[in-house]
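# all I have is the shape, not the residue letters:
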Ligand code: AMP
């Protein structure tokens, strides 16, 4: 037996209906904020992610699905969307056609992580990128959209955390201060943190190692070393959030793993998904476009994990879907009326009714049982004396009322059901 690869999963009914519900809600909210969907290829040149996300990040250094194709090109299955969206914007000169481009996506992503509850190797994200403006209103808009989607799904047990990484110059100054603080503690640090000391020092804040955490408790904080420009930007973001009634906490240790952030970073975390608590994360990345292309385009965005959000929804019983039902089940009474039954079912489907018919040569009784199992609102019965008269029976399954209608007038069924 060949099985699905570890860390991937099949999504099918009834669970897939929860995916549809979430995806429809996501699309509706993004479209209300005037975002257009963007779809990019599943794989890109490896260099895009290596340069865009940063060589020293966990994603690039140990999680990417990278392979060499038959043309000797190194390709990578996308581990995130931001670099791909910015690549598309540069390639198609979105910025030259329109100053501001607001884009959203729903897409699979691939990272070779150790699978556990809420962590997969193929997972799915929805998210957005707004390219072309430095306005803090857009930083806030990202947080508001992510918040609204999560709240509209019915989740309650979540927190919005925000921080500012400031402009690169003040971050560089701060990194020097952090280095100075950490130097005397270097020998105590975990091996991972020792590596990060040189490659990505801010990430030491993310360490789960107890000794690292003790050392970092008294570390100087970036937010205390921000320049005026960065502080003003951050204040504006906070004001917009407050005016949208979005509750948030400032978490000065929220650095996030990626190299390209400037100014705002944020995360929404939940207690309803076990150890993998981040439902979504994002921030501003004014330096990314120049990193992978030939010009600056300021940007801000976020990505949210669909599997984790659906898991949180399940654990909190956040939303409930209506029981599945169909409009009509076509019961064939006489075996030689197969053609008529399939033709009638097809006509009802063309009229826009959710219709089912028997394909398994079931008895009339078994067909009725199936209609009940499918929660069919109506049944039409083709055959018997009625058929001799050119008619069929329409039965309302709730009231058991029956009506004889002309076989040439299936539109009547539509009127009875949809009114
Ligand atoms: P990131 O791009 O790492 O900030 O991830 C954004 C969101 O995607 C996270 O908050 C998670 O909800 C989700 N996510 C990231 N990695 C995984 C994974 N391996 N499996 C499932 N969801 C993930």
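The structure has been received and is ready for your questions. A quick note: this is a predicted structure, and the numbers were derived from the prediction, not measured. Numbers count the residues shown, from 1 in each chain.
# alpha carbons only for contacts and neighbour counts from here, please
Fine.
# could you list the residues in contact with stretch 195-211?
In this structure, residues lying in contact with stretch 195-211 by CA atoms under 8 Å, 6 or more residues apart in numbering are 56-57, 175, 178-179, 188-190, 193, 212-213, 216, 253-257.
# apply 7 Å and report the result again.
Residues outside stretch 195-211 that contact it (CA atoms under 7 Å, 6 or more residues apart in numbering) are 56, 189, 190, 193, 213, 216, 253, 255, 257.
# now the phi/psi pair for residue 382, please.
Comment: the main-chain dihedrals of residue 382 come out as phi -110, psi 120, following degrees, to the nearest 10.
# and for residue 389, the neighbour number?
Counted with other CA atoms under 10 Å, residues neighbouring residue 389 total 11.
# circling back: could you flag which of the contacts of stretch 195-211 are buried?
The neighbour-count criterion (16 or more other CA atoms under 10 Å) marks 56, 189, 190, 193, 213, 216, 253, 255, 257 among these as buried.
# in the stretch 101-250 of the chain, which spans are strands?
Along the stretch 101-250 of the chain, the stretches classed as strands by DSSP state E, counting those that start in this stretch are 101-110, 122-131, 158-164, 249-250.
# what angle do the first one and strand 122-131 make?
If I follow you right, that is strand 101-110. Per axes from the mean of the first three to the mean of the last three CA atoms, to 10 degrees, the angle that strand 101-110 makes with strand 122-131 is 160 degrees.
# what residues does the stretch 201-350 of the chain have near the ligand?
Residues of the stretch 201-350 of the chain found near the ligand (CA under 6 Å from any ligand atom) are 278, 279, 280, 281, 303, 304, 305, 308.
# try it again with 8 Å
Those residues of the stretch 201-350 of the chain that sit near the ligand, judged by CA under 8 Å from any ligand atom, are 256-257, 267-269, 276-282, 302-309.
# how about the strands in the stretch 251-400 of the chain?
Listed in chain order, the strands found in the stretch 251-400 of the chain under DSSP E, counting those that start in this stretch are 262-270, 278-284, 299-305, 326-332, 355-357, 376-382, 391-396.
# residue 22: which of those is closest?
Evaluated with CA to CA, the strands of the stretch 251-400 of the chain place strand 299-305 nearest to residue 22, the distance being 11.5 Å.
# average pLDDT for that closest one?
The average pLDDT within strand 299-305 is 98.
# who does residue 404 bridge with?
Residue 404 forms beta bridges with residue 393, as assigned by DSSP bridges.
# right, and it touches residue 396 too?
No - counting by CA atoms under 7 Å, no contact exists between residue 404 and residue 396, whose distance comes to 11.7 Å.
# those two: which is more packed in?
Set side by side, residue 404 and residue 396 show unequal neighbour counts under other CA under 10 Å, the larger going to residue 396 at 18 against 15.
# could I get the pLDDT score of residue 259?
The pLDDT attached to residue 259 in the predicted structure is 64.
# and what of the one 3 residues further on?
As summarised for this prediction, residue 262 has a pLDDT of 90.
# list the contacts of stretch 57-71.
Identification of contacts with stretch 57-71 by CA under 7 Å, 6+ apart yields 46, 50, 54-55, 74-77, 79, 110-113, 257-258.
# which one of those is nearest residue 91?
Proximity to residue 91 was ranked across those by CA to CA; first place goes to residue 46, at 16.5 Å.
# show me the contacts for the closest one.
Applying CA under 7 Å, 6+ apart to residue 46 gives the contacts 66, 74, 75, 76.
# neighbours of the closest residue to the second one other than its chain neighbours, how many?
Closest residue to residue 74 in three dimensions, ignoring its sequence neighbours and counting by CA to CA, 6 or more residues apart in numbering: residue 68, at 4.4 Å. As a burial measure, residue 68 scores 12 neighbours (other CA under 10 Å).
# what do you get for residue 294?
Neighbour tally, residue 294, other CA under 10 Å: 9.
# try residue 32
Residue 32: 9 neighbours (other CA under 10 Å).
# my guess is residue 111 meets residue 79, correct?
Yes - using CA under 7 Å as the test, residue 111 is close enough to residue 79 to be in contact (5.5 Å).
# looking at pLDDT only, which of the contacts of stretch 195-211 scores worst?
Of all the contacts of stretch 195-211, residue 257 has the smallest pLDDT value, namely 62.
# for the stretch 151-300 of the chain, just list every one of the helices.
Counting by DSSP state H, counting those that start in this stretch, the segments of the stretch 151-300 of the chain that form helices are 168-182, 191-199, 210-217, 228-243, 288-292.
# deepest of those helices, which one?
With neighbours defined by mean count of other CA atoms under 10 Å, none of the helices of the stretch 151-300 of the chain is more surrounded on average than helix 288-292, at a mean of 20.
# and the end-to-end length of stretch 74-88?
19 Å (CA to CA, to the nearest Å).
# may I see the buried residues of that stretch?
Of the residues in stretch 74-88, those with enough neighbours to count as buried (16+ other CA under 10 Å) are 75-87.
# then stretch 366-377?
367, 368, 370, 371, 372, 374, 375, 376, 377.
# stretch 387-397 too?
Buried positions in stretch 387-397, judged by neighbour count with 16+ other CA under 10 Å: 387, 391, 392, 393, 394, 395, 396, 397.
# so, low pLDDT: which residues of this structure?
In the predicted model of the chain, residues 257-259 satisfy pLDDT under 70.
# to residue 38, which of the helices of the stretch 151-300 of the chain lies closest?
helix 288-292 (17.1 Å).
# ok so, going back, buried subset of the residues of the stretch 201-350 of the chain next to the ligand?
Neighbour-count burial (16+ other CA under 10 Å) is assigned, among these, to 256-257, 267-269, 277-282, 302-309.
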